[in-house]
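K.L.:
got a sequence here, can you build the structure:
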Amino acid sequence: MMMTPCRSRRAVPAGLPAKPRAFDAVGIMRPLLLAVALAILASQDVAKAAEPSESGPALGTRIQALIPEIETYAEGGMKAFDLPGLALGIVANDRLVYGKGFGVRSKTGGEPVDTRTVFQIGSTTKAFLATTLAITVDRGKLRWDERIVDLDPEFQLKDPWVTREFRVFDLLAQRSGLPPYANDALGLLGLAEPALIRSLRYVEPVSSFRSTFAYTNITHLLAGRVVAKAAGAADGDTVLRQELLEPLGMTNSSYTAEAIEAAANHAKGHRWTPDGTIEAPFTQLFPYDFGGAGDINSTIDDMACWVRLQLGNGTFEGRRIVSPESLAFTRTPKVAISDKLFYALGWIIQQTPNGNIVWHNGGTAAFGAYVGMVPDKNIGVIILTNETNVGFPDAIGQWILDLILGNAKVDHVADALKAAKANFGTAAKQFAKSENPRPFPPLAPLAGSFANPSFGKAVVVVEGDALVIELQATGAKLRLEPWDGDVFTARIMPNGRFAAMADNLGPLPNGFVQFQIDKNAKLNLLRLSFDDGQAYEFHRE
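P.N.:
Next up, the predicted model:
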């Protein structure tokens, strides 16, 4: 066990790579944010609460007494999920009272994990973005209720009224009316930040504005642009570094693929499958090119400083960094997920029998994270893993907080593993070929040039017994293999900068393509759909 104090206010090392302008968890790699949370709540609804936990000095003593049980449960969960490495931290009474690494940084390397090992933290980054907005509001450079069109005249959504009424606080509140993970797939296929933001104007809303929870990431790219402009900075990550990473002494935290790979003590990510985890390469495309939606790399020691700031209501080691009022605004519910679960700004507020938990998870292609706090009792839990978040970080984090709070014991890890296996099986069945597929059309007539307002131009060519569609704006290629009649499976090809992304996504197809013939028997469009349920129509040129 390690109880390492934060490195107060030491500067980030000179030469920290800047983030290119161009993700828990995204589109064709969706995080299990809502599914895991609802599963946890369902188990709590039928469980009887135990006695509530202590607070203050007695809490530290209680936590120390629980450490053997926590370590046993964590190690059992790691074995069940074939998780190579885990870093775990518990903050109480303004200090890291428990910090420990379990397992290894990678299956191939074998170096041990410790509290200084760097992991991707995925969408737990969103709360950092919310706090930089709060700091900018404190300084009078921005208002929570400012219209986005007044700050960025190029901003546009499909509905003109929503475009006019969209405010700063709407960027992170997950109630835009857009479909979940709207256009995230465009980022995985290489579209740069301006094109991703612009693409939202073509997305059909699926619910009334501010009425329904729907998790999006691209709105956070716009939030990063807004906060950078207000602060007079080059980009949102510059504000992050100046206003949070440096003041908190988070010297081992960064926000690029280059930076995590350069760190001497970093974990390598692993893609989860029911048959075991597989090491996966880093790629700047995801999560880093999604900016403040999920681009931070960090450690237990550094994240403990972040949690101390949150539990300190904006004060860290005697220094006021953000006002209690602005920080409270980021943790005030903005939309209901269920009757006991609410989304704020970069945080989820969860009601439990013995206290409200403020938390968020993170899920990238090959890492998972969880940060959970109970502000009223001044405790926080940090979980960092080098495996796809299919539910384990959330489950172990929730289990530890339940244990500390005195909530009823529920085996969240077992429930998460059962759900992960079922979801994997469902995905595999989705792409399974029919025993009696409809006849495939000749491939040559399907070739040609197509265009979509979000993706731009695309060219379809015949390669062997399949088709290949190339996106002209990015160079990404999708291999289209006959599946059933005029429907083809689509898979990202491992070419150039997309090689790592294809590896991250695994062996299953990434979606479907269907060719459509008009009433004159002429090919007039192809429809590309990913497993997030969104479809993109490319019209024949």
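
K.L.:
show me where the stretch 401-541 of the chain has strands.
P.N.:
Taking DSSP state E, counting those that start in this stretch to define them, one finds strands in the stretch 401-541 of the chain at 448-452, 456-463, 466-471, 477-484, 487-492, 511-517, 523-530, 535-540.

K.L.:
tell me which of these lies nearest to residue 357.
P.N.:
Residue 357 lies closest to strand 523-530 among those, at 31.9 Å (Cβ to Cβ). Placement of C-beta: from N, CA and C, glycine included.

K.L.:
flag every buried residue along that closest one.
P.N.:
523, 525-526, 528-530 (16 or more other Cβ atoms under 10 Å).

K.L.:
that older thread, would you list the strands of the stretch 401-541 of the chain in TSV and tack on distance to residue 433 and mean pLDDT?
P.N.:
Shown next, in TSV, are those (distance: least, Cβ to Cβ, whole Å; pLDDT from 0 to 100):
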stretch	distance to residue 433	mean pLDDT
strand 448-452	25	96
strand 456-463	20	96
strand 466-471	14	97
strand 477-484	6	96
strand 487-492	9	96
strand 511-517	12	92
strand 523-530	17	91
strand 535-540	21	94
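
K.L.:
and which of the buried residues of strand 523-530 is nearest residue 196?
P.N.:
The closest of the buried residues of strand 523-530, once distances to residue 196 are taken by Cβ to Cβ, is residue 530, at 14.9 Å.

K.L.:
these two touch, right, the closest one and residue 513?
P.N.:
No. With contact defined as Cβ atoms under 8 Å, residue 530 does not reach residue 513; the gap is 10.4 Å.

K.L.:
okay, and the common contacts of these two?
P.N.:
By Cβ atoms under 8 Å, 6 or more residues apart in numbering, residue 530 and residue 513 have no common neighbours.

K.L.:
quote the end-to-end distance of stretch 259-268.
P.N.:
13 Å (Cα to Cα, to the nearest Å).

K.L.:
and what about residue 101, helix, strand or coil?
P.N.:
Here residue 101 is recorded as strand under DSSP: H, G, I helix; E, B strand; the rest coil.

K.L.:
what's the spacing between it and residue 60?
P.N.:
21 Å (Cβ to Cβ, to the nearest Å).

K.L.:
tell me which of those two has more neighbours.
P.N.:
residue 101 (23 against 17; other Cβ atoms under 10 Å).

K.L.:
identify the residues contacting the more buried one.
P.N.:
Here residue 101 is in contact with 85-88, 112-115, 117, 300 (Cβ under 8 Å, 6+ apart).

K.L.:
which residue packs closest to it, ignoring adjacent ones?
P.N.:
Using Cβ to Cβ, 6 or more residues apart in numbering and skipping residues adjacent in sequence, the residue nearest residue 101 is residue 113, 3.4 Å away.

K.L.:
for that neighbour, grab the count of nearby residues.
P.N.:
Applying other Cβ under 10 Å, we find 26 other residues in the vicinity of residue 113.

K.L.:
what about residue 61, is that helix, strand or coil?
P.N.:
Applying three-state DSSP: residue 61 is helix.

K.L.:
for residue 80, pull up the helix or strand it's in.
P.N.:
helix 57-81 (DSSP states H and E).

K.L.:
and that helix, which residues are buried?
P.N.:
Neighbour-count burial for helix 57-81 [16+ other Cβ under 10 Å]: 59-60, 62-63, 66, 70, 73-74, 77-78, 81.

K.L.:
next: stretch 309-323.
P.N.:
Those would be 309-312, 314-317, 321-323, for stretch 309-323 by 16+ other Cβ under 10 Å.

K.L.:
how distant is it from the center of its chain?
P.N.:
25 Å (Cα atoms, centre = their mean, to the nearest Å).

K.L.:
now what about it, what contacts it?
P.N.:
Identification of contacts with stretch 309-323 by Cβ under 8 Å, 6+ apart yields 6, 8-9, 91, 94, 127, 131, 134-135, 138, 243-244, 247-248, 305, 308, 324, 326-328, 358, 373, 375, 378-380.

K.L.:
and the pLDDT at residue 424?
P.N.:
Listed pLDDT for residue 424 reads 92.

K.L.:
for it, which non-adjacent residue is spatially closest?
P.N.:
The shortest distance from residue 424 to any non-neighbouring residue, by Cβ to Cβ, 6+ apart, is to residue 274 (5.5 Å).

K.L.:
what is the neighbour count of the nearest residue to residue 231 once chain neighbours are set aside?
P.N.:
Leaving aside its sequence neighbours, residue 231 sits nearest to residue 239 (Cβ to Cβ, 6+ apart; 4.9 Å). The tally of other residues near residue 239 (other Cβ under 10 Å) stands at 24.

K.L.:
right, and residue 239 touches residue 229 too?
P.N.:
No. With contact taken as Cβ under 8 Å, residue 239 and residue 229 are classed as non-touching, separated by 10.0 Å.

K.L.:
where in the stretch 1-150 of the chain is pLDDT low?
P.N.:
The stretch 1-150 of the chain contains residues with pLDDT under 70 at 1-56.

K.L.:
so where do the helices sit in it?
P.N.:
33-45, 57-81, 125-138, 148-151 (DSSP state H, counting those that start in this stretch).

K.L.:
in TSV: the ones you listed, plus distance to residue 488.
P.N.:
Output for those, formatted as TSV (distance: least, Cβ to Cβ, whole Å):
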stretch	distance to residue 488
helix 33-45	29
helix 57-81	34
helix 125-138	35
helix 148-151	38
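
K.L.:
returning to what we had before: of the contacts of residue 101, just the buried ones, ChimeraX syntax please.
P.N.:
Burial among those is assessed by 16+ other Cβ under 10 Å; the matching ChimeraX selection reads:
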select :85,86,87,88,113,114,115,117,300
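
K.L.:
and which of the contacts of residue 101 is nearest residue 169?
P.N.:
Closest to residue 169, out of all of the contacts of residue 101 and judged by Cβ to Cβ, is residue 300, at 30.7 Å.

K.L.:
hang on, the earlier thing: how about the contacts of residue 101 in TSV, adding distance to residue 467?
P.N.:
Formatted as TSV, these follow (distance: Cβ to Cβ, whole Å):
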residue	distance to residue 467
85	41
86	43
87	44
88	47
112	47
113	44
114	49
115	50
117	44
300	47
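
K.L.:
just the contacts of residue 101 now: which is nearest residue 167?
P.N.:
residue 300 (35.4 Å).

K.L.:
I'd like to know how far that closest one sits from residue 138.
P.N.:
Distance from residue 300 to residue 138, by Cβ to Cβ: 28 Å.

K.L.:
how about the helices in the stretch 251-400 of the chain?
P.N.:
257-262, 300-311, 324-330, 392-405.

K.L.:
let's have these in TSV, adding mean pLDDT and distance to residue 385.
P.N.:
As requested, the helices of the stretch 251-400 of the chain are exported to TSV (pLDDT from 0 to 100; distance: least, Cβ to Cβ, whole Å):
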stretch	mean pLDDT	distance to residue 385
helix 257-262	98	15
helix 300-311	98	12
helix 324-330	98	25
helix 392-405	97	5
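
K.L.:
residue 440: which of those is closest?
P.N.:
Taking Cβ to Cβ, helix 257-262 is the member of the helices of the stretch 251-400 of the chain nearest to residue 440, at 39.2 Å.

K.L.:
how about that closest one, which residues are buried there?
P.N.:
Going by 16+ other Cβ under 10 Å, helix 257-262 has these buried residues: 257, 259-260.

K.L.:
wait, isn't residue 458 in contact with residue 471?
P.N.:
Yes. Under the criterion of Cβ under 8 Å, residue 458 makes contact with residue 471 at 5.3 Å.

K.L.:
what's stretch 60-72 in contact with?
P.N.:
Here stretch 60-72 has contacts from 1, 53-54, 88, 90, 92-93, 97-98, 100, 102, 379, 400, 403-404, using Cβ under 8 Å, 6+ apart.

K.L.:
buried members of the residues you listed into PyMOL, please.
P.N.:
Here is the PyMOL command that selects the buried residues among the contacts of stretch 60-72 (16+ other Cβ under 10 Å):
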select buried, resi 53+88+90+92+93+97+98+100+102+379+400+403+404
